[in-house]
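Colleague: missing the sequence, but the structure's below:
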């Protein structure tokens, strides 16, 4: 097995990590399993494609614009729609976000059509050679962006006052409210950050691969696996676990053939869930 | 808390896996349960009430990963033409045709329920198909329901006996593009006759790859790299590495569009530039244009182009260029639909009956010119048709085999040039 296969697997896994990180953050803080996370990814991609068609900017330059729009939309969605539903019944999150997923998929279909779409840029389809290993530039960018976002989110959560507020709200929302923390706002911001992570992953997916209205579901399943392996709420853990999933896929394809790659990941997912329900990398209740 | 949060995720994944498994096994059970009621309807009256519409049903992938919305454009055009001429004559009385189109969203389970609805609730006397992989499911359903299915790309030659008694394939033989691909490659005369094959691991992909392999060997190609991958695969490093290591100058692909997009991007980035690349399925639909210049130089199998010299080629180009101006791939898919519907309408008139059994018999007796050529079914209910190899050049599709004056195949694959 060549080193190139392993390294490319890890780099591709960084994309899974980015999606899983948003899901994990949301589950850890808001205690919400968002079944529309894959659709947020697709939405981010379509947003970038729409901007690209109007502005003809490089996809990387579009990321801040996509992030701002995704943040605003997701914040409003959580603050003014989801939060009231979730207050009524915490278990309704699966139903509500599944419904949201269907609505978004239909909306994308209507607006952007059924065809696969991708983002083009001069660097997207090129390769670079590092230490004798040929790598796909798009995935190198995914890795760098993912690493930067992981470090940024982790640093904010661990080393800023706002991060302390988020962790307090996640640990004990009732006490946090008594201390004057606007928990609803914290949850909305967390939901928005999670959506931004998915949207950025979407832009990178459109660059490295392609997107279609129904394409978010398979990535959602992978992000669950990432979350299970990392442990809920572990931001750096999710990124590392994503790369682990990518590596696991690459190795399984090499040794067992292409047909096994998803099965191997799901088996690992269930095995870890049974052996270590808190995930391989999750130790504390809220490990952000 | 964490365990509680993960359980829904685990349940969801399990359901997804179960859903995938059930999706492939449901047709036989669902179909068999409906056989009796359909058989009784099939043995009912052979002429509709005076002036009553004759219902034809289609469950098709208008959306989803295998969306092919161009096909019903062709179906509808043929129906419109027949209705403009007063409809179909049964026992001396004209009856309008009513085409019911349902979107199955590329979902096998939805297809199954829709086919039952069309036949049992809407009383469709015949069905026309969607495309490709879902037809592997739909043909046995038509057999179980005893209703003829005239299809485009029912892979009869890939999945043995899938057509059974009621399935009919007017689409080009899926083996032919490979056969012609060998001729195109040989005409280029500068490859090493090594070929890398990759396909999705669904019934169509697996069957197609087996056909490719047989044809490749018959044409003295050496298969040096081979892979079957699930739909949704994003990492092709192993396959690309193998193809590069073995020096495969030729590539044959049978995959969904998103998978092909990821493969093409990765091939270019990792420096694998085959001299020829045939992209079945993904390359043969307009979606390919979304790859931009990266998709140039890719070969595809078609069964119609305006330059094909086939019957009514000029008329078809004129009719469908109204909907799809200057877009050969879109037009070709619509012509496929038009031809399938014309074959069916012709059979209904020939049967002089709306009995599905009588229509089915009449379809088997088809022998005449249609836009895709002289349609005559073989014992497998398949019709080979005329295969054309085309190539994406500057974002457009041009016919390269049989040769067209003034058109030259680009070689090696221009989009993958480093």
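Modeller: All right, it came through fine. No experiment lies behind these values; they were computed from the predicted model shown.
Colleague: For chain A, what's the nearest residue on the stretch 51-200 of chain B?
Modeller: Residue of the stretch 51-200 of chain B nearest chain A, by CB to the nearest CB: residue B:67 (3.5 Å). All C-beta spots, glycine's among them, are computed from the backbone N, C-alpha and C.
Colleague: SS state for that residue?
Modeller: Classification of residue B:67 by DSSP: H, G, I helix; E, B strand; the rest coil places it in coil.
Colleague: Check whether residue A:238 sits in a helix, strand or coil.
Modeller: helix.
Colleague: Which residue is the nearest non-sequential neighbour of residue B:130?
Modeller: residue B:60 (3.8 Å; CB to CB, 6 or more residues apart in numbering or on different chains).
Colleague: What about the one you found, how many residues nearby?
Modeller: Residues near residue B:60, counting by other CB atoms under 10 Å in any protein chain shown, number 29.
Colleague: Which positions in stretch B:290-302 come out as buried?
Modeller: B:290, B:291, B:294, B:295, B:296, B:297, B:298, B:299, B:300, B:301, B:302 (16 or more other CB atoms under 10 Å in any protein chain shown).
Colleague: tell me the average confidence for that stretch?
Modeller: Stretch B:290-302 shows a mean pLDDT of 88.
Colleague: where do the helices sit along chain B?
Modeller: Shown for chain B, the helices assigned by DSSP state H span residues B:2-33, B:35-42, B:70-84, B:108-116, B:135-145, B:176-188, B:203-218, B:237-245, B:257-269, B:313-321, B:328-351, B:356-364.
Colleague: in what helix or strand does residue A:144 lie?
Modeller: Element membership of residue A:144 [criterion: DSSP states H and E] is helix A:137-159.
Colleague: who does that helix touch, helix- and strand-wise?
Modeller: Judged by 3 or more CB pairs under 8 Å, 6 or more residues apart in numbering or on different chains; DSSP states H and E, helix A:137-159 is in contact with helix A:3-29, strand A:127-130, helix A:161-171, helix A:183-208, helix A:235-256, helix B:257-269.
Colleague: let's see it at 6 Å
Modeller: helix A:3-29, helix A:183-208, helix A:235-256 (3 or more CB pairs under 6 Å, 6 or more residues apart in numbering or on different chains; DSSP states H and E).
Colleague: what's the following helix or strand after the longest one?
Modeller: Read it as helix A:3-29. Trace forward from helix A:3-29 with DSSP H and E and the next one is helix A:37-55.
Colleague: Compute the inter-axis angle for that next one and helix A:3-29.
Modeller: With axes from the mean of the first three to the mean of the last three CA atoms, to 10 degrees defining the directions, helix A:37-55 sits at 110 degrees from helix A:3-29.
Colleague: and helix A:37-55, is it in reach of chain B?
Modeller: No: applying CB under 6 Å from any CB of the partner chain, one finds helix A:37-55 separated from chain B by no less than 9.6 Å.
Colleague: and that helix, what other elements does it pack with?
Modeller: Judged by 3+ CB pairs under 6 Å, 6+ apart, the packing partners of helix A:37-55 are helix A:59-77, helix A:92-112, helix A:183-208, helix A:216-230.
Colleague: Give me the contact list for that helix.
Modeller: Identification of contacts with helix A:37-55 by CB atoms under 6 Å, 6 or more residues apart in numbering or on different chains yields A:23, A:59, A:62, A:65-66, A:69-70, A:101, A:104, A:108, A:112, A:117, A:119, A:195, A:198-199, A:201-203, A:205-206, A:211, A:215-217, A:219-220.
Colleague: how about the residues of the stretch 151-288 of chain A that lie near chain B?
Modeller: So the stretch 151-288 of chain A meets chain B at A:209-210, A:212, A:214, A:218, A:221, A:224, A:228, A:232, A:249-250, A:253-254, A:258-259, A:262, A:273, A:277-278 (CB under 6 Å from any CB).
Colleague: can you rerun that using 7 Å?
Modeller: Within the stretch 151-288 of chain A, the positions lying close to chain B (CB under 7 Å from any CB of the partner chain) are A:208-210, A:212, A:214-215, A:218, A:221, A:224, A:227-228, A:231-232, A:249-250, A:253-254, A:257-259, A:261-262, A:266, A:269-270, A:273, A:277-278, A:282, A:285.
Colleague: Low-confidence ranges, chain A, go.
Modeller: Applying pLDDT under 70 to chain A flags the ranges A:1, A:90, A:282-288.
Colleague: Most distant residue from the centre of it?
Modeller: When distances to the mean C-alpha position of chain A are computed (CA atoms, centre = their mean), the maximum falls on residue A:178, with 31.9 Å.
Colleague: And it, how far from chain B?
Modeller: As judged by CB to the nearest CB, to the nearest Å, residue A:178 and chain B stand 21 Å apart.
Colleague: I'd like to know how many residues surround residue 274.
Modeller: Went with chain A since none was named. Neighbour number of residue A:274 under other CB under 10 Å is 9.
Colleague: should've been chain B
Modeller: Other residues close to residue B:274 by other CB under 10 Å number 23.
Colleague: Show the contacting residues for it.
Modeller: Each residue near residue B:274 by CB atoms under 7 Å, 6 or more residues apart in numbering or on different chains is listed here: B:248, B:249, B:250, B:251, B:412, B:413.
Colleague: Next: residue B:165.
Modeller: Per CB under 7 Å, 6+ apart, neighbours of residue B:165: residue B:143.
Colleague: Also residue A:208?
Modeller: A:138, A:139, A:142, B:265.
Colleague: Go again with 8 Å.
Modeller: Going by CB atoms under 8 Å, 6 or more residues apart in numbering or on different chains, residue A:208 touches A:12, A:15, A:124, A:136, A:138, A:139, A:142, B:234, B:262, B:265.
Colleague: got CSV for these, with distance to residue A:242 and neighbour count too?
Modeller: Shown next, in CSV, are the contacts of residue A:208 (distance: CB to CB, whole Å; neighbours: other CB atoms under 10 Å in any protein chain shown):
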residue, distance to residue A:242, neighbour count
A:12, 9, 29
A:15, 7, 30
A:124, 21, 23
A:136, 16, 29
A:138, 16, 28
A:139, 12, 31
A:142, 10, 26
B:234, 12, 27
B:262, 17, 24
B:265, 20, 28
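Colleague: Setting aside sequence neighbours, what's the nearest residue to residue B:398?
Modeller: residue B:407 (5.1 Å).
Colleague: In stretch B:82-95, which residues are buried?
Modeller: B:82, B:83, B:87, B:88, B:90, B:95.
Colleague: what separates the last one from residue B:227, distance-wise?
Modeller: For residue B:95, the distance to residue B:227 under the criterion CB to CB, to the nearest Å works out to 51 Å.
Colleague: Which positions in the stretch 251-400 of chain B make contact with chain A?
Modeller: Contact residues, the stretch 251-400 of chain B versus chain A (CB under 8 Å from any CB of the partner chain): B:257-258, B:261-262, B:265-266, B:268-271, B:286-287, B:290-294.
Colleague: give me the low-pLDDT residue ranges for the stretch 1-150 of chain B?
Modeller: Judged by pLDDT under 70, the stretches of the stretch 1-150 of chain B that qualify are B:1-47.
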